[in-house]
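**Student:** after the sequence you'll find the predicted model.
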Amino acid sequence: MKAMVYYGKGDIRFEERPKPVILEPTDAIIRLTKVTICGTDLGIWHGKNPEIERVAKEKTGSFNGRILGHEGVGVVEEVGLAVRRWKKGDKVIISCVSRCGKCENCQKQLYAHCQDKDGSWIMGYMIDGTHAEYVRTPFADNSLYPLPDDLDTDIAVLLSDALPTAHEIGVQYGGVRPGQTIAIVGAGPVGMGALLTAQLYTPAEIIVIDLDDNRLAMAKELGASKIINSGREDAVAEVMKFTDGRGVSCAMECVGYPATWDICQRIIKEGGHLANLGVHGQSVNFEIEKLWIKNLTITTGLVNTNTTGMLLKACCAHKLQPGKLATHHFKFSEMEEAYKVFKNAAEHKAMKVIIEY
Ligand SMILES: [Zn+2]
Ligand SMILES: [Zn+2]
């Protein structure tokens with residue numbers, strides 16, 4: 001089969017690979033029908049995750065590339081002997097997190113940190129992922145969701161990762177409540193997911209901050225009440241002006257840079273929440289000398305995907321309408337082009353690139 005394979009920093013190849021096989025009785029093999037690329041896939045390509053090679057070499061003595069991707073929908077091709085819930089031909093949404101359901105962390109719904117060797121976020125990371133014709137999904141009974149016939153599949157692929165991450169790590173951890181004024185720093189797919197899922201809780205005002213005018217225009221269209229281009233304006237001063245000098249109840253960091261973290265820690269009011277969603281590659285300056293007195297809650301995390309089922313229902317009922325995030329469509333044979341466009345997202349006005357088979 002064809003697959004997009006990571007070999008090392010800056011080296012990905014769209015090439016022929018063997019079709020995956022069932023390794024554990026709880027596995028399923030899925031034939032993919034639609035996938036999307038995540039910022040995390042780009043991060044791996046850019047060399048942010050050298051542990052991929054290191055762990056493979058520790059375990060097997062060699063590293064023979066890793067198929068990227070942890071988002072997608074498809075059709076069940078084959079199931080292991082212990083799989084009860086699925087059969088060949090079922091249409092499914094693949095969750096980016098695999099959960100054994102039995103370990104200490106799974107019992108606490110902390111699926112992001114499932115302790116099984118095949119648990120947590122491993123697809124397209126520690127095992128081969130979805131940017132291929134077929135993928136092996138561990139713990140199929142717990143980690144796949146039924147794909148309803150009437151759900152737009154562009155929306156369904158957002159349920160693998162982008163929407164649950166935004167909702168759980170941004171909106172839920174950020175304690176978003178009716179009537180609040182909140183701020184989202186970073187209007188990429190996850191920031192936009194936070195903008196959409198926050199509205200399920202009816203905050204009064206949502207401020208979105210980014211450097212890209214196209215993304216800010218889209219944020220406005222999707223429900224932001226105020227947009228700030230932090231490249232041209234002093235974002236902190238603008239937020240303070242907009243909130244009569246009070247700041248926001250919740251600031252979501254959706255980028256992962258010291259500068260965006262700084263904006264967040266300077267705009268939260270007392271008793272507020274700073275929810276970090278960004279994947280950080282370096283330390284930030286934590287102004288504890290100013291913040292110690294403010295009764296803040298600061299949260300971080302990897303998605304548990306324990307609200308995927310709820311978000312799926314909200315999408316089916318059209319209470320959550322993320323369809324506009326799917327800005328670009330490619331055929332599977334154009335995978336390399338899709339990666340290039342997503343890598344230069346600003347230039348192409350791209351939000352989520354969708355790959356159809
Ligand atoms: Zn992702
Ligand atoms: Zn587990």
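**Tutor:** Nice, thanks for sending it over. Ligands and ions are numbered 1, 2, ... in the order given.
**Student:** what about the helices in this structure?
**Tutor:** All helices of the chain, identified by DSSP state H, fall at 39-45, 51-60, 104-107, 140-143, 153-156, 162-165, 189-198, 213-221, 235-242, 258-267, 288-291, 308-316, 335-343, 345-348.
**Student:** and the third one, what other elements does it pack with?
**Tutor:** Just to be clear, that refers to helix 104-107. On a contact count with 3 or more C-beta pairs under 8 Å, 6 or more residues apart in numbering; DSSP states H and E, helix 104-107 meets no helix or strand. Using the backbone N, CA and C atoms, a C-beta is placed for each residue, glycine as well.
**Student:** for the chain, which residues score under the pLDDT cut-off?
**Tutor:** Within the chain, no range satisfies pLDDT under 70.
**Student:** for residue 81, which of the helices of the chain is the nearest?
**Tutor:** Closest of these to residue 81 is helix 140-143, at 11.5 Å (criterion: C-beta to C-beta).
**Student:** so is that closest one next to ligand 2?
**Tutor:** No: Helix 140-143 stays clear of ligand 2 (C-beta under 5 Å from the ion), getting no nearer than 8.7 Å.
**Student:** can you list the buried residues in that helix?
**Tutor:** Residues of helix 140-143 classed as buried: 140, 141, 142, 143 (neighbour count, 16 or more other C-beta atoms under 10 Å).
**Student:** nearest to ligand 1, of those?
**Tutor:** Of all these, residue 143 has the smallest distance to ligand 1: 14.8 Å, by C-beta to the ion.
**Student:** list the contacts of the closest one.
**Tutor:** Going by C-beta atoms under 8 Å, 6 or more residues apart in numbering, residue 143 touches 94, 95, 97, 98, 99, 137.
**Student:** same thing with residue 200?
**Tutor:** Neighbours of residue 200 in contact, by C-beta under 8 Å, 6+ apart: 167, 171, 314, 319, 320.
**Student:** residue 162 now?
**Tutor:** Contacts of residue 162 (C-beta under 8 Å, 6+ apart): 36, 38, 71, 189, 190, 193, 322, 325, 352.
**Student:** what distance do you get for the most centrally placed residue in the chain to residue 90?
**Tutor:** Taking C-alpha atoms, centre = their mean, the centroid of the chain lies closest to residue 162, which sits 3.4 Å from it. Using C-beta to C-beta, to the nearest Å, residue 162 is found at 23 Å from residue 90.
**Student:** ok, residue 96 next?
**Tutor:** Counting by C-beta to C-beta, the gap from residue 96 to residue 90 is 19 Å.
**Student:** quick one, which of these two is more surrounded?
**Tutor:** residue 96 (30 against 18; other C-beta atoms under 10 Å).
**Student:** how does the chain divide into domains?
**Tutor:** Domain assignment for the chain, taken from automatic domain parsing, gives 2-161+305-356, 163-299.
**Student:** may I have the distance across the shortest one, first residue to last?
**Tutor:** Going back to what we said before, that points to domain 163-299. Distance between the two ends of domain 163-299: 18 Å, counting by C-alpha to C-alpha, to the nearest Å.
**Student:** now swap in stretch 262-272 and tell me
**Tutor:** 15 Å.
**Student:** what's the span of stretch 101-115, first residue to last?
**Tutor:** Stretch 101-115 end-to-end distance (C-alpha to C-alpha) = 10 Å.
**Student:** let me fix that, I meant to ask about stretch 247-258.
**Tutor:** 19 Å.
**Student:** would that stretch count as contacting ligand 1?
**Tutor:** No: on the criterion C-beta under 5 Å from the ion, stretch 247-258 is out of touch with ligand 1, staying 12.6 Å away.
**Student:** residues in contact with stretch 209-220?
**Tutor:** 183-188, 191-192, 195, 208, 224, 227-231, 235, 239, 263, 324, 346, 349, 351.
**Student:** ugh, wrong one, I meant stretch 232-239
**Tutor:** Residues contacting stretch 232-239 (C-beta under 8 Å, 6+ apart): 183, 185, 207, 209, 228, 247, 248, 263, 266, 267.
**Student:** burial of the closest residue to residue 132 other than its chain neighbours, as a residue count?
**Tutor:** Distances taken as C-beta to C-beta, 6 or more residues apart in numbering place residue 3 nearest to residue 132, at 3.5 Å, with adjacent residues excluded. Here the number of neighbours of residue 3 (other C-beta under 10 Å) works out to 26.
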